[in-house]
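Colleague: Have a look at this prediction, sequence included:
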Number of protein chains: 2
Amino acid sequence: MRSSLEIAQEASLKPIQQIAQSLGLHPDDLEQFGKYMAKIALSPEREKEIHKRPRGKYILVTATSPTPAGEGKTTTSIGLTQGLAYLGKKAIVTLRQPSLGPVFGVKGGAAGAGYSQVLPMEEINLGFTGDFSRVESAHNLAAAMLDNHIYRRKKPLFNVSSIQFRRAMDMNDRSLREIVIGLGQENGVSRATGFDITAASEIMAILALASDLQDLKMRMGEVVLGRDSDGKPIRIKDIKAEGAMATIMKQAIKPNLVQTYEGQPCIMHAGPFGNIAHGCSSIVGDKLALHLADYVVTEAGFGSDLGGEKFFDIKCRQSGLFPNAAVLVTTVKALKMHGGEPYDKENLKKENVAAMVRGFANLKKHLENIQAFGVPVVVALNKFPTDTEAEIQELEGFVKTSGAYGFAVSDGVADGGKGVAGLARLVDAAATANPNPKPQFMYDLEESIEEKMRKISQKVYGADDIVLGTGVKKKIKQLEEDGFGHLPICMAKTHLSLSDDPSKLGAPQGFNITISDIKISAGAGFIYPLVGKMMTMPGLGAIPAAESIDIDADGKVVGLF
Amino acid sequence: MRSSLEIAQEASLKPIQQIAQSLGLHPDDLEQFGKYMAKIALSPEREKEIHKRPRGKYILVTATSPTPAGEGKTTTSIGLTQGLAYLGKKAIVTLRQPSLGPVFGVKGGAAGAGYSQVLPMEEINLGFTGDFSRVESAHNLAAAMLDNHIYRRKKPLFNVSSIQFRRAMDMNDRSLREIVIGLGQENGVSRATGFDITAASEIMAILALASDLQDLKMRMGEVVLGRDSDGKPIRIKDIKAEGAMATIMKQAIKPNLVQTYEGQPCIMHAGPFGNIAHGCSSIVGDKLALHLADYVVTEAGFGSDLGGEKFFDIKCRQSGLFPNAAVLVTTVKALKMHGGEPYDKENLKKENVAAMVRGFANLKKHLENIQAFGVPVVVALNKFPTDTEAEIQELEGFVKTSGAYGFAVSDGVADGGKGVAGLARLVDAAATANPNPKPQFMYDLEESIEEKMRKISQKVYGADDIVLGTGVKKKIKQLEEDGFGHLPICMAKTHLSLSDDPSKLGAPQGFNITISDIKISAGAGFIYPLVGKMMTMPGLGAIPAAESIDIDADGKVVGLF
């Protein structure tokens, strides 16, 4: 089979105005970025007009616990959108934007695969419309103003050792994780800090959750930088940075329009991490998309325990939207791994029905997790060429007795929308059967921080209880005193297990969730407890992917997956 | 008078296709970035077609030694282009792109002023088409791969203490000047380094000098990162980063098209520093512009001693182009300052013919510097409302006896192209009188590094001789052994004086130029001797401009100068 890059390079794209027109958008509603990308920039009048249109159905795509390579949620979301179009439906897929850093690590692109990808693939993966760099600039402006404040003001606001705000760079750069800045003469006040990858910036989470530019500015002002000598939070608004940051973000808040391989619209906007942040594309994008099409397919990062739960408890709570149906993506490989087979690509390719059956426990728990929000779930097998008939039949049999709305094999990588038509039919039926979903959440905001963490851990992860690490109780008390007690919880936990231990496969039982630390994203509007050590700045591998990415003699990109 | 921002916001812009059409460009030659910005992206066929068109006249705009606030070269370049159009001529201005960092420092925007500015002003100053962030990403990818190499490889190529390649960020962030990275466990190898502002990145200089994407890639591969234990240079190609960097730079190499306040085309592309780099806009942009219009007005950073000399000896040498005429911009304020008046904005506003006359020495030397390249020079007074008739007449009288081609008052800020029509007439006459300029340089490439530095110092700065600091002789020998001896010289010197001492005003005599260090930009293709300490990462002021930059309730930018 041809590589995703080759398929992308041979695709014949429609002009982006044509994609926009298919959604009832006018040329004046667009700010083009080349021929195939645009920002949707509506005048207040057009915004009102469009938001009066009926609202389409909202489909969440989540997954079972992934292998380190991921289970193909993005690919399935794109395939499903093409599948709905194959059935004659008007659908949009809303996705997170890829981060540049990991492209040069081991990961390759992040805009789908094969015949279920978003185009233009190269531009999307290599900087796109500049939103990530604007998030980065806004973030780093606040950091520069913070250090300038410490250096310049005779009576600084801050207790320097309490500063939690770091700098941001969209690069896999291990060496910047822990650094000391401000060395030398007249170069500021020296202190320990570090860089996080831009996707981990709170500004990115804010971009994904803000309702408009004013809300974005207000939220950026609320970001907690550190604490003063009395322990009270110091915010970005205290150093007067949010106005200038908003001028940088003026363009970034406008959602981006691109297209799938088969010419269906994709709104690709914002890209927050799925662990220390909530891992969903923007509310601005989803709200708009729902008035532009009959079906909006959106993806949340990692499994139902992370992006899935956060989609409901954080994103839906803030947006006021709620999905009509959900898709739970799984792969034979992941189920085998959760059935105890070692993660070894060659090994997982071999037929092994018994291992897969042992892994069903993982699938079952994820299914129950989504059902607990009152949403019908269709299980989708993201098909690989090595999956055998016996494996597929066994899986189908299991799902049919599991209480899921249905099961479908999704073959979007090899076959585009046609290969996902079966899934699309089921999803359409499930969503149509649930036209007015009643929002349900895993916890009430009024509960205590501790109780909220406990409910997520017990109900979603299957834990016995939570255990608070040293000092966490005190920090919780402080957060409650600061007035943050009512915020939702964004658990920062490994995605490789339902528990907090990556080695615990399937549906672990008899474990506790240990909260090692607890932090605040007051601008994004959530508290994030750390369950184990989270990586907020990835590194490059022994042989980085970048070494084989190149421009050939014809100016064509090669080596991008 | 209204602020530049207000004037910009009230301007009625033409669609960028219309600007392109006026140059004989087709819609397919453009990649639009919104309605008013575009990248010019020619197919190989169109490129050939356009380069067959006759070549226009090439006008360099340089200046006398500026005050810290600058003398308005950009504004005069834009005004002159509008002035030429006012006379019915087809003209393009080619400029450097503004850097984001200084916008939030003290400087405000960098796209002209009043009725001689480039639009859309806000977008141009706040991220533009993303070229700076691409330069930054390409630069920092190389840095991440370099540190990854040191961390991963058992036998690293590098002598870690000899690494000269730093990281880049487009922010005025003093605290990042000197840092230690790679601290903590498994976070790489710890070492001292720092960040430069993106305009100071060698990748930026390369973008400005490269002839196309392949040349850009090749040059990036040549960038010297540091030295091995034998003292031999280690280049970016040795860590195989240039291919991936080129994929990031694929968009950045395409020149940007915008418009002036009066609707004349502006190609704004690349933005290298004028001290440690050569301070000129891109060769790609100028070459294209010369086949699209009858007059191309371009600006070089700082005075004739820096950007001016480098424009000829570095940019023209690499491009094979040579200007037909030059404009030397001066202000009454700068001449008063060089006549000994303290730099105090209020003081310099007061009429003071005597001080100005004392400052003529500075003007005279800059005039001679440009004439030494064989190019006719028109002196332009960039007019301020506080300039008096007596001052202007005295200046005009002096210039008329100085050997300049002519003198004109340029009032583009208040009056747009009409206010620069007189200058435009003179420039047209000067360029027409010199249709086939014969390239002349300040030194031969075959001379020794020391001799080249001496010639620039004596002929351009008026120094007695050069003095080599400790270890510089040895470094020169090493550079010659490495095969860099034939490269041109890019002196990194203060712009505030013709000498290396900012306090020496006018046309200093009886001084030496002390070379404190000497470095190599092998990708850009020049050697840069350090004459005093150069600031490659600016800081923020006590009250940063960012504190008053904001988005108002209507979503409009306020506080940007």
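Modeller: Cool, the structure landed.

Colleague: Skipping adjacent residues, who's closest to A:Val420 in space?
Modeller: A:Gly83 (3.3 Å; CB to CB, 6 or more residues apart in numbering or on different chains). Where C-beta positions appear, they are placed from N, C-alpha and C, glycine not excepted.

Colleague: and that neighbour, how many neighbours?
Modeller: By other CB atoms under 10 Å in any protein chain shown, 34 other residues sit near A:Gly83.

Colleague: And the residue of the stretch 401-550 of chain A closest to chain B?
Modeller: Per CB to the nearest CB, A:Asp550 is where the stretch 401-550 of chain A lies closest to chain B, at 3.1 Å.

Colleague: Report how many residues lie close to that residue.
Modeller: For A:Asp550, using other CB under 10 Å, the count is 19.

Colleague: Kindly report the same for A:Gly24.
Modeller: A:Gly24: 14 neighbours (other CB under 10 Å).

Colleague: Can you show me the strands along the stretch 351-500 of chain A?
Modeller: A:377-382, A:406-410, A:465-468 (DSSP state E, counting those that start in this stretch).

Colleague: now do the stretch 1-150 of chain A
Modeller: Using DSSP E, counting those that start in this stretch, strands in the stretch 1-150 of chain A cover A:30-32, A:38-40, A:57-63, A:91-95, A:112-113, A:116-119.

Colleague: of the ones you listed, which approaches chain B most closely?
Modeller: Taking the strands of the stretch 1-150 of chain A one by one with CB to the nearest CB, strand A:30-32 is closest: 3.9 Å.

Colleague: what about the closest one, near chain B?
Modeller: Yes. Judged by CB under 8 Å from any CB of the partner chain, strand A:30-32 comes into contact with chain B through A:Glu31, A:Gln32.

Colleague: what about the closest residue to A:Arg174 other than its chain neighbours, which SS state?
Modeller: Among residues not flanking A:Arg174 along the chain, A:Gly539 sits closest, at 3.4 Å (CB to CB, 6+ apart). When classified by DSSP: H, G, I helix; E, B strand; the rest coil, A:Gly539 comes out as coil.

Colleague: what sits against A:Pro54?
Modeller: Residues counted as contacts of A:Pro54 (CB atoms under 8 Å, 6 or more residues apart in numbering or on different chains) are A:His291.

Colleague: how close does it sit to A:Ala85?
Modeller: Distance from A:Pro54 to A:Ala85, counting by CB to CB, to the nearest Å: 19 Å.

Colleague: and what of A:Leu126?
Modeller: Taken as CB to CB, the span from A:Leu126 to A:Ala85 is 27 Å.

Colleague: Please list the residues of the stretch 451-561 of chain A that sit near chain B.
Modeller: That would be A:539-540, A:542, A:544-551, A:553, A:555, A:557, A:559-560, which are the residues of the stretch 451-561 of chain A within reach of chain B (CB under 8 Å from any CB).

Colleague: try 6 Å this time
Modeller: A:Leu540, A:Ala542, A:Ala546, A:Glu547, A:Ile549, A:Asp550, A:Ile551, A:Gly555, A:Val557 (CB under 6 Å from any CB of the partner chain).

Colleague: give me the number of residues near the third one?
Modeller: Okay, so that is A:Ala546. A:Ala546, neighbours per other CB under 10 Å, totals 28.

Colleague: where does it land in three-state SS?
Modeller: helix.

Colleague: wait, it sits on A:Phe104?
Modeller: Yes. The criterion here is CB atoms under 6 Å, and A:Ala546 meets it with A:Phe104 at 3.8 Å.

Colleague: shared neighbours, the two?
Modeller: Common contacts of A:Ala546 and A:Phe104 (CB atoms under 6 Å, 6 or more residues apart in numbering or on different chains): B:Ala244.

Colleague: Could you check the helix or strand hosting A:Thr514 and say which residues are buried?
Modeller: A:Thr514 belongs to strand A:512-515 when assigned by DSSP states H and E. Within strand A:512-515, the residues that count as buried by 16 or more other CB atoms under 10 Å in any protein chain shown are A:Ile513, A:Thr514, A:Ile515.

Colleague: How about the contacts made by A:Glu242?
Modeller: Going by CB under 6 Å, 6+ apart, the list of residues near A:Glu242 reads A:Lys217, A:Met220, A:Gly221, A:Ile236.

Colleague: among the residues you listed, which are in helices?
Modeller: A:Lys217, A:Met220, A:Gly221 (DSSP state H).

Colleague: List the residues that contact the last one.
Modeller: I take that to be A:Gly221. Contacts of A:Gly221 by CB under 6 Å, 6+ apart are A:Ile236, A:Lys237, A:Glu242.

Colleague: need those in JSON lines with pLDDT, can you?
Modeller: Below are these laid out as JSON lines (pLDDT from 0 to 100):
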{"residue": "A:Ile236", "pLDDT": "97"}
{"residue": "A:Lys237", "pLDDT": "97"}
{"residue": "A:Glu242", "pLDDT": "98"}
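
Colleague: Produce a PyMOL select command limited to the buried residues of the residues of the stretch 451-561 of chain A next to chain B.
Modeller: A single PyMOL command selects the buried members of these (16+ other CB under 10 Å):
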select buried, chain A and resi 540+546+547+549+550+551+557
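
Colleague: returning to that earlier point: mind listing what the strand holding A:Thr514 pairs with, with the direction of each?
Modeller: If you go by DSSP bridges, strand A:512-515 pairs up with strand A:465-468 (parallel).

Colleague: Please compute how far the strand holding A:Thr514 lies from its chain's middle.
Modeller: 23 Å (CA atoms, centre = their mean, to the nearest Å).

Colleague: Longest helix in chain A, please.
Modeller: Longest helix in chain A, counting by DSSP H: helix A:131-152.

Colleague: and that helix, does that touch chain B?
Modeller: Yes. Residues of helix A:131-152 are located near chain B by CB under 6 Å from any CB, namely A:Ser133, A:Arg134, A:Asn140, A:Leu141, A:Ala144, A:Asp147, A:Asn148, A:Arg152.

Colleague: In CSV, list these along with pLDDT and distance to A:Asn256.
Modeller: Below are these laid out as CSV (pLDDT from 0 to 100; distance: CB to CB, whole Å):
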residue, pLDDT, distance to A:Asn256
A:Ser133, 97, 14
A:Arg134, 98, 12
A:Asn140, 98, 22
A:Leu141, 98, 22
A:Ala144, 98, 27
A:Asp147, 96, 32
A:Asn148, 96, 33
A:Arg152, 90, 38
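
Colleague: Give me the distance between the nearest residue to A:Tyr58 once chain neighbours are set aside and A:Ile449.
Modeller: Leaving aside its sequence neighbours, A:Tyr58 sits nearest to A:Pro323 (CB to CB, 6+ apart; 4.5 Å). Distance of A:Pro323 to A:Ile449, given as CB to CB: 26 Å.

Colleague: For these two, work out which one has more neighbours and name it.
Modeller: Higher neighbour count among A:Pro323 and A:Ile449: A:Pro323, with 27 against 22, using other CB under 10 Å.

Colleague: ok, now which ones touch that one?
Modeller: A:Tyr58, A:Leu60, A:Val375.

Colleague: ditto for A:Ile267
Modeller: Here A:Ile267 is in contact with A:Ile92, A:Thr94, A:Pro255, A:Gly285, A:Ala289 (criterion: CB under 6 Å, 6+ apart).
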